[in-house]
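Participant: Starting from these lines, generate the structure:
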Amino acid sequence: MKFSKFLFVFFLMSKLSYSQEILPVYSDYLSDNYYLLHPSMAGASSCTKIRLTARQQWFGQDKAPALQTFSINGMAGERSGLGLILMNDVNGYHSQKGAKVSYAHHLRFSRDDSDLNQLSFGMNVGFSQSMLDETDFLTNNPAYDPIINGTMTQKASYFNMDIGTTYNYLDFYAHFTIKNLLASDRKLYTDYEPVNLRRFVFNMGYTFGDKERLLIEPSMLFQHIAQTKESIVDANIKLYKPLGDNAKIWGGLSYRTSLDGAQYVEGNSAKDQKMQYVTPLLGINYKSLMLSYTYSHLLGNVKFDNGGFHQITLGFNLFCSPDKYDCNCPANN
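Facilitator: Here you go, the predicted model:
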């Protein structure tokens, strides 16, 4: 019974991240970090943006998943943007280090730079090295297994590409990105690992209200994984409250659900459960500094741990244009 539930939880977790993806899709994009998802956002803002994130899952569990990222993106000339992402992902005996380099081109249709009416195209090339530490496998489980060396760390490297487009018009935005465009043959665990985990990501949102008093930003995100035919939806809401001329506080709530369920056995009956997450978030901007915290909590009867996923994001906005876009567009301003 416990083993079947463990497999079920593992299946739910696999809907959030995949071993052959250089960077998994979490909720960190909501911390003013859309560039992590969409290469077309490189240089789309009026500032050069630096973001550092630290994510920790299941406090108190040994070898629990943890992820750190560093990203920077900004304008390079009148119509081009460049970006860089570095990441370190540790999950039990498996770890992954990677980097992405991005280029974006921006087409502006507005009469001047104060109006935001921009179509952007972007791509990035990413490289990753995955490692599997087998040095403790035979010590903890001395039974012979032909695919386990037991005395070394297995390594495999691969690269992939993402391409995407973004349209920003005043208070409205829409993004579409194809992640893991290329078939990637890694073979870290066995010779039968899937080579294509292409993911289609679409999200859009609109911000309304009075930027001097309160802004409201509803948004959604849809993901579809081509090979496994899985679909995931995020429904988000954020509020922005100014605190004088140099600061603002913001917060929100995100709900993520899979459109595909999984069955597990409880007693003598089979039950169905979908992956569901609730993520509250809170952040503050003061001059060029941004700090945010998010907490993701798994819903449902079957869980690996009662604790959730904690993430802190620290950001800096540098070299900002003095003439910002005249719109309610936090991601661009």
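
Participant: residues of stretch 79-97 that come out buried?
Facilitator: 81-83, 85, 87, 89-91, 94-97 (16 or more other Cβ atoms under 10 Å). Placement of C-beta: from N, CA and C, glycine included.

Participant: Strands of the stretch 101-250 of the chain, start to end?
Facilitator: 117-133, 153-169, 172-179, 199-206, 208-210, 214-225, 230-242, 247-266 (DSSP state E, counting those that start in this stretch).

Participant: Let me know which of those is the nearest to T53.
Facilitator: Within the strands of the stretch 101-250 of the chain, the stretch nearest T53 is strand 247-266; the backing value is 15.3 Å (Cβ to Cβ).

Participant: Starting from that closest one, tell me which strands it pairs with and how they run.
Facilitator: Paired strands of strand 247-266, with direction, are strand 230-242 (antiparallel), strand 269-286 (antiparallel) (DSSP bridges).

Participant: in this structure, what spans have low per-residue confidence?
Facilitator: Within the chain, the stretches with pLDDT under 70 are 1-20, 60, 136-152, 184-196, 302-307, 323.

Participant: picking up where we left off before, can you list the strands paired with strand 247-266 in JSON lines and add mean neighbour count and distance to Y103?
Facilitator: Compiled in JSON lines, the strands paired with strand 247-266 are given as follows (neighbours: other Cβ atoms under 10 Å; distance: least, Cβ to Cβ, whole Å):
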{"stretch": "strand 230-242", "mean neighbour count": "17", "distance to Y103": "27"}
{"stretch": "strand 269-286", "mean neighbour count": "16", "distance to Y103": "27"}
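
Participant: re the thing from before, so which of the buried residues of stretch 79-97 belong to strands?
Facilitator: When the buried residues of stretch 79-97 are checked against strands using DSSP state E, the ones located there are 81-83, 85, 87, 89-91, 94-97.

Participant: Just put the buried residues of stretch 79-97 in TSV and tack on distance to S71.
Facilitator: Below are the buried residues of stretch 79-97 laid out as TSV (distance: Cβ to Cβ, whole Å):
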residue	distance to S71
G81	13
L82	12
G83	7
I85	5
M87	9
D89	14
V90	18
N91	20
H94	23
S95	20
Q96	16
K97	15
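
Participant: still on that earlier bit, between the ones in strands among the buried residues of stretch 79-97, which is nearest F200?
Facilitator: The shortest gap between F200 and any of those belongs to I85, at 19.6 Å (Cβ to Cβ).

Participant: TSV for the strands paired with strand 247-266, including distance to A183?
Facilitator: Output for the strands paired with strand 247-266, formatted as TSV (distance: least, Cβ to Cβ, whole Å):
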stretch	distance to A183
strand 230-242	18
strand 269-286	26
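
Participant: Of all those, which one is nearest S102?
Facilitator: For the strands paired with strand 247-266, distance to S102 was read as Cβ to Cβ. The smallest value, 22.3 Å, belongs to strand 230-242.

Participant: Give me the contacts around that closest one.
Facilitator: Contacts of strand 230-242 from elsewhere in the structure, counted by Cβ atoms under 8 Å, 6 or more residues apart in numbering, are 15, 27, 30, 203, 205, 207, 211-225, 248-260, 275, 281, 330.

Participant: you'd agree R51 is up against L314?
Facilitator: Yes. When contacts are counted by Cβ atoms under 8 Å, R51 is listed as touching L314 (7.4 Å).

Participant: out of those two, which sits in the busier spot?
Facilitator: R51 (23 against 14; other Cβ atoms under 10 Å).

Participant: What's opposite that one in the beta bridge?
Facilitator: The bridge-partner assignment for R51, based on DSSP bridges, gives S71, G315.

Participant: how close does it sit to V278?
Facilitator: With the distance defined as Cβ to Cβ, to the nearest Å, R51 ends up 23 Å from V278.

Participant: Equivalent analysis for C329, please.
Facilitator: For C329, the distance to V278 (Cβ to Cβ) stands at 26 Å.

Participant: What of F127?
Facilitator: Computed with Cβ to Cβ, the distance linking F127 and V278 is 34 Å.

Participant: now swap in I163 and tell me
Facilitator: In this structure, I163 and V278 are 31 Å apart, going by Cβ to Cβ.

Participant: Also A42?
Facilitator: A42 sits 30 Å away from V278, taking Cβ to Cβ as the criterion.

Participant: so H175 touches S40, yeah?
Facilitator: Yes. Taking Cβ under 8 Å as the contact criterion, H175 and S40 are neighbours in contact, 6.9 Å apart.

Participant: Look at those two and report which has more neighbours.
Facilitator: In terms of neighbours (other Cβ under 10 Å), S40 is the more surrounded of H175 and S40; the figures are 32 against 25.
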